[in-house]
Structure formats: C-alpha cells, structure tokens
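Undergrad: just need the structure, nothing else, for what follows:
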Amino acid sequence: MDIVSALRAFLRVAETGSFSAAAIDLDLTQPAVSRQVSALEGHLNTRLLHRTTNALALTVEGEQMIAMALRVVEAVDALNEASCVETAMASGRVRLTLPAPLGLYVSERLPGLLERHPGLSVELMFREEPSDLIGDGIDLEVRLGAVSDNTLMCRRIGWTTAFLVAAPCYLERHSMPKTLDDIGGHECICYSRAGDGRSWWFSDGSEEISVRIAPRLVANNAVAVHRAVLTGGGLAVLSHLLASPDIEAGRLMKVMPEFPPARLPINVVYPSRKNLPLRVRTVLDFLAQVVREDPLMAS
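TA: The predicted structure is shown next:
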C-alpha cells in the first residue's frame, strides 16, 4: 500500500464528503478511492469513516487523523518541492474572488506567500455573489454554503463560524432577547448571504432552526453590516472574523450564544481539475492552509 496516496484519498474524502467527489478531484475511479481508504483503515486497524447508503461521516478517530494526515502529506510535498526548487516555484497571475470578511483575513497573509514565490502575483477581488468563472477569467473563487453547479470542481477547506451580536448601546434601549422567537421583534440588520434576507438559521446542537425576521436594512456586504451594528442599529449575524475583536473590546456583545448561527461550508471552486497550473494549485493550497490555522474555521 502507498501510505501517502491512501492518506491523500482519505483527506479528499473528508474534505468533499463523498467518495465520488474525491475520485473526481484525484482523477481516480470511485472504487479505487474506496480501496485506498479501506486499506488505510486496515493498516491502522481503525475505522475512520462511518458509511451508510446515503451518508458519510468521520468517526472520532477519523477526526483525530485529519491533522496527522495533513502533516504527513505536507511534509512529503515539502520534500518533493525541495528536491526540484526551480520547477516548484509558482509564477504568473492568479485571479481570486472571495467574500469580504475572509478576503480581509487572507489579504493579511498573502505577502508571506508572495515572498516565497517571487514570480507569483494575486489579484484579489471581494465578491458576495457567484461569478462566471470562465467568462470573468477567475481562477479560484471562495463560496459559502452548498455549491449547486456540478460543472465546477469544488474543494471544501473549512466551515464558517458566526455570532449573533449587538452593540451595548442598542441593548440598553431594547431588552435582550430571551428566546429565538424574540428576535423577530428586534431591529435586524441582515447580511443577505447569511440567509434569504428574511430568515436567520440557528443551531440548538441537534438541529437547525429558522427564525423569520423583518429587516429594514439589508446589505450584500458583511463589512457594511458590521459598520451598521457597531453604531447601535440592531442585531446582526456576523462572521467571527469581523465580530471577535469588537466582542473582546466590549464594542459588541454576543446575543443568545446558546443558539449559535448555523455554520456553512467554506468551498473553493475552480473550472477544471485537469492540468491545474502550479500557480493556481499553490494559491489553492495556501487558502486551505490559512483557513486551517484558524480553529473556528478548521472544523
């Protein structure tokens, strides 16, 4: 058994949530991917995945294996790159689109990538709605939530974490919501990507619950919502990337933290898996790495 190939297969299955999607991403047959994962489980004498006819989930041991498998694969990749530095250096331009909160997080870390690859350049564009990748000449796009376009390659790199928040000055004027039903009676500032503009979704730990709202301010940019909620305009669901510094500083307060907003998968989509250029693969792997570095997005 090629242990590294088996680990790559396991990681792709864990990221995509299915053997068939992993097989497409790895350019293998579904049975081949299944055999690799089964061989890995046999080698470790541990079940890593729960399999049913219509669902696939990581076991506790599988969850624990993710970080170790990533370290092994990344170490092997680093050795391969070190053995052929000239051919491993990415060069050329990559056009990348992503939502503003994640874009701000990524932009702070991009200089390190560009320093390691002097011939590489990245054009970063903040977009909240899906692009026409081919028509707009986009190499990679980060999308939140399920990806319905099955003509695109899709790699899940993490999960969103968000908080329901309000400014202290708003909560001084209005009572703190005690139940999810109370939310509808408040001023709600809605980021339209966080729902359909009229609903917010929360989790009670076992299921997701929809709460109808009647927002008078709706924006398709989370930074605009962030600015509005800081002024005391109402309640808002904000990414932890935007809200956490203000919560720590006391400028915002968590509302009903026992019912956190539902999490969404963070997916990177691209037009084709065939002959993915090194410049694009380098940025794709960079995105996966920087998301994994944040524990609130890693799992």
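
Undergrad: packing partners for the helix or strand containing Gly103?
TA: Remark: Gly103 resides in helix 100-107, with elements defined by DSSP states H and E. Secondary-structure packing of helix 100-107 (3 or more CB pairs under 8 Å, 6 or more residues apart in numbering; DSSP states H and E): strand 119-126, helix 222-230, helix 240-249, helix 278-292. (Glycine included, C-beta is placed from N, CA and C.)

Undergrad: out of these, nearest to Ala14?
TA: helix 278-292 (12.1 Å; CB to CB).

Undergrad: buried set for that closest one?
TA: Arg279, Val280, Thr282, Val283, Leu284, Asp285, Phe286, Leu287, Ala288, Val290, Val291, Arg292 (16 or more other CB atoms under 10 Å).

Undergrad: helices and strands around it, which ones?
TA: strand 91-98, helix 100-107, helix 110-116, strand 119-126, strand 140-144, strand 153-159, strand 265-270, helix 295-298.

Undergrad: list the contacts of the residue lying closest to Gly103 once chain neighbours are set aside.
TA: Setting aside the residues directly before and after it, Gly103 is nearest to Phe126 in space (CB to CB, 6 or more residues apart in numbering), at 4.7 Å. Counting by CB atoms under 8 Å, 6 or more residues apart in numbering, Phe126 makes contact with Thr97, Leu98, Pro99, Ala100, Gly103, Asn221.

Undergrad: hmm, back to that, give me the mean pLDDT for the helix holding Gly103.
TA: The average pLDDT for helix 100-107 rounds to 94.

Undergrad: export that helix as PDB, just CAs?
TA: C-alpha atoms of helix 100-107 as PDB (Å, rounded to 0.1, in the frame of the first residue of the first chain):
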ATOM      1  CA  ALA A 100     -15.100  40.400   2.200                       C
ATOM      2  CA  PRO A 101     -14.500  39.100   5.800                       C
ATOM      3  CA  LEU A 102     -12.400  36.200   4.600                       C
ATOM      4  CA  GLY A 103     -10.800  38.400   2.000                       C
ATOM      5  CA  LEU A 104      -9.500  40.700   4.700                       C
ATOM      6  CA  TYR A 105      -8.200  37.800   6.700                       C
ATOM      7  CA  VAL A 106      -6.500  36.300   3.600                       C
ATOM      8  CA  SER A 107      -5.000  39.600   2.500                       C
END
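
Undergrad: Ala243: neighbouring residues, count only.
TA: Neighbourhood size, Ala243 [other CB atoms under 10 Å]: 26.

Undergrad: correction: Leu56
TA: A count of neighbours around Leu56, defined by other CB under 10 Å, yields 15.

Undergrad: what's the answer for Ile183, then?
TA: Counted with other CB under 10 Å, the neighbours of Ile183 add up to 19.

Undergrad: change the start of the numbering to 165 and stick with it
TA: Renumbered: residue one is now 165, and that last one reads Ile347.

Undergrad: so it makes contact with Ser339?
TA: No: contact criterion CB atoms under 8 Å: Ile347 and Ser339 do not qualify, at 11.7 Å.

Undergrad: so what's the backbone phi/psi at Lys418?
TA: For Lys418, the backbone dihedrals are phi -70, psi 140 (criterion: degrees, to the nearest 10).

Undergrad: how close does Pro294 sit to Pro195?
TA: 33 Å (CB to CB, to the nearest Å).

Undergrad: these two: who's more crowded?
TA: Applying other CB under 10 Å to Pro294 and Pro195 shows that Pro294 carries more neighbours, namely 15 against 10.

Undergrad: can you check my assumption that that one lies in a strand?
TA: No: going by DSSP: H, G, I helix; E, B strand; the rest coil, the assignment for Pro294 is coil, not a strand.

Undergrad: just give the nearest non-adjacent residue to it, would you?
TA: Counting by CB to CB, 6+ apart, the residue nearest Pro294 is Arg307, at 6.2 Å.

Undergrad: the one you found reaches Glu292, doesn't it?
TA: No: if you go by CB under 8 Å, Arg307 and Glu292 don't touch, sitting 10.0 Å apart.

Undergrad: higher neighbour count, these two?
TA: Shown here are Arg307 and Glu292; by other CB under 10 Å, Arg307 has more neighbours (24 against 16).

Undergrad: contacts only, for the more buried one.
TA: By CB under 8 Å, 6+ apart, Arg307 lies in contact with Pro294, Asn431, Val432, Val433.

Undergrad: name the member of those with the most neighbours.
TA: Val432 (23 neighbours).

Undergrad: correct me if wrong: that one contacts Cys318.
TA: Yes: between Val432 and Cys318 there is a contact under CB under 8 Å: 7.3 Å.
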